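Undergrad: would you be able to build a 3D model of this:
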Amino acid sequence: MKQTWRWFGPVDKVSLENARQAGATGIVSALHEIPNGVVWSLRAIQERQAQISANASGLTWDVVESLPVSEDIKQQSGDWADHISSYKASLQNIAASGIETVCYNFMPVLDWTRTDLRFALPDAARCMRFDVCDFAVFDVFLLMRDGAEGDYDKDIVAEARIRHQQMSDKDKAGLVNNIICGLPGSEEGYSVETLREQLELYKDMSADRLRQHQIDFLSEVIPVAEDLGIRMCCHPDDPPFPLLGLPRIMSTEADYTALVTAIDSPSNGITFCTGSLGVRESNDLVGMVERLGSKIHFAHLRNVQRESNAIPNSFHEAAHLEGSSDMVAVVSALLNEEKRRKDEGRKDSDIPFRPDHGQDILTDLQTDAQPGYPAVGRLKGLAELRGIIAALSADGTSSQSSGFH
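TA: Numbering: from 1, shown residues only. Below you'll find the predicted structure:
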């Protein structure tokens, strides 16, 4: 398995040298400064590649995460046809730069969502957390979305009402900032008012309609990607259940089966995120690898601790070998998939993965890195995952791709 590391460009508070010291051999990055719907120029892509190769010997830009899908494309409104043309042009420039894997998502309005970016754990480490009651405070009492109260259990609304009454103005502003002002890698940042405007545009959008819009998008884009030798992979919803009345269409195995069945192409695939999918107890992660493994082009390996088994529920980011998912079993299944690909002679037999997110530990607590993306916490996660790979690859079949000698 190819060890990669997410880097947000020159603004990232964790350096490329840190990524190399952590053991990564590939970088996952994007041109976050370019607005959605605008073409990524060949020059801009190659400048980012040069930054990566110049600052840390041996690192290469292996995965684009993400090439954003604009809200116009998701809604099929405004400039959506032009945005699809721009997307195709960006893919052509990405391919011309030698990058073959492109991650994207189809979540409307909000990308990944948390209510607490620095949740304190008993050992004084800090992590990101989604608290369903706090989210209800935001949705029902701060955003005041029409019909919001009906989307939650009555006990959750009652608790949210109490919390709202006890919150200071500073607490309320902090909650709003955590949810809507943009996290690392998210596509847009909003104010309360602009969020209301975006939600209004989706008020009549069903999950089936959004799914059809994704298929329409991929019908245009996947043939281009296939001609270019690019593997596109859709990230799951995070968290994997509806929020703010918005449809979610990438939350379960059934959703992914429908996606890869609708457009059967080696370029139409999956970003297998164990953290996002692991929030739902019903998602059988190992079974998903076994049944959909041929379509997995990229993996995010992280763990979450479910705080209940309800949907929606509260959860927090656990250490990589802790939490609700069996990471050893998942890695074993991915290694089996790699072996199957090698036996078939597939050139993409090495699946790139990254230690997705990480807890703030040790010196992370003083450096104020991007939420979820500290240096030491991710180093620990990558080291633990590397240990699993080494233990499961004792026969040496994965030693070269895993970086062991």
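
Undergrad: longest helix anywhere in this protein?
TA: As assigned by DSSP state H, the longest helix anywhere in the chain is helix 207-228.

Undergrad: chain center to the helix or strand just after it: distance?
TA: As assigned by DSSP states H and E, the chain's next helix or strand after helix 207-228 is strand 231-234. Offset of strand 231-234 from its chain centre (CA atoms, centre = their mean, to the nearest Å): 12 Å.

Undergrad: can you check stretch 282-296 too?
TA: 17 Å.

Undergrad: strands of this structure, start to end?
TA: Along the chain, counting by DSSP state E, strands occupy 2-6, 26-29, 60-65, 101-104, 116-120, 126-130, 231-234, 268-273, 296-301, 303-306, 315-318, 352-355.

Undergrad: could you save the ones you listed as CSV and add columns showing distance to residue 93, mean pLDDT and mean neighbour count?
TA: Every residue, glycine included, has its C-beta placed from N, CA and C. As requested, these are exported to CSV (distance: least, CB to CB, whole Å; pLDDT from 0 to 100; neighbours: other CB atoms under 10 Å):
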stretch, distance to residue 93, mean pLDDT, mean neighbour count
strand 2-6, 21, 97, 24
strand 26-29, 15, 97, 25
strand 60-65, 11, 97, 23
strand 101-104, 11, 98, 24
strand 116-120, 33, 95, 16
strand 126-130, 33, 97, 24
strand 231-234, 15, 98, 25
strand 268-273, 20, 98, 26
strand 296-301, 19, 98, 25
strand 303-306, 35, 98, 21
strand 315-318, 34, 98, 23
strand 352-355, 20, 98, 25
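
Undergrad: which residues does residue 18 contact?
TA: 375, 379 (CB atoms under 8 Å, 6 or more residues apart in numbering).

Undergrad: repeat that for residue 6.
TA: 27-29, 65, 185, 354, 356, 373.

Undergrad: from residue 71, how far off is residue 194?
TA: 11 Å (CB to CB, to the nearest Å).

Undergrad: sorry, that was for residue 80
TA: Distance from residue 80 to residue 71, by CB to CB: 9 Å.

Undergrad: then residue 350?
TA: 34 Å.

Undergrad: cool, and residue 213?
TA: According to CB to CB, residue 213 and residue 71 sit 11 Å apart.

Undergrad: what's around the nearest residue to residue 57 once chain neighbours are set aside, how many residues?
TA: Once flanking residues are discounted, residue 57 sits nearest to residue 20: 7.1 Å by CB to CB, 6 or more residues apart in numbering. If you count neighbours by other CB atoms under 10 Å, residue 20 ends up with 17.

Undergrad: check what pLDDT residue 20 gets.
TA: For residue 20, the pLDDT comes out at 94.

Undergrad: do residue 187 as well
TA: So residue 187 comes in at 60 (pLDDT).

Undergrad: residue 350 reaches residue 4, doesn't it?
TA: No - if you go by CB atoms under 8 Å, residue 350 and residue 4 don't touch, sitting 10.8 Å apart.

Undergrad: if I pick the most centrally placed residue in the chain, what's in contact with it?
TA: For the chain, residue 235 is the residue whose C-alpha lies nearest the centre (CA atoms, centre = their mean; 5.5 Å). Listed by CB under 8 Å, 6+ apart, the contact set of residue 235 reads 65-66, 103-105, 250, 271, 273, 276, 300.

Undergrad: any idea which helix or strand of the chain has the worst average confidence?
TA: helix 399-402 (a mean of 40; mean pLDDT, DSSP states H and E).

Undergrad: look up the closest residue to residue 226, ignoring the ones flanking it.
TA: Residue 226 sits nearest to residue 267 (CB to CB, 6+ apart), 4.3 Å away.

Undergrad: and the one you found, how far is that from residue 121?
TA: 40 Å.

Undergrad: more neighbours: which of the two?
TA: Neighbour count, other CB under 10 Å: between residue 267 and residue 121, residue 267 has more, with 23 against 17.

Undergrad: would you confirm that that one contacts residue 225?
TA: Yes - in terms of CB under 8 Å, residue 267 counts as a neighbour of residue 225; the distance is 4.1 Å.
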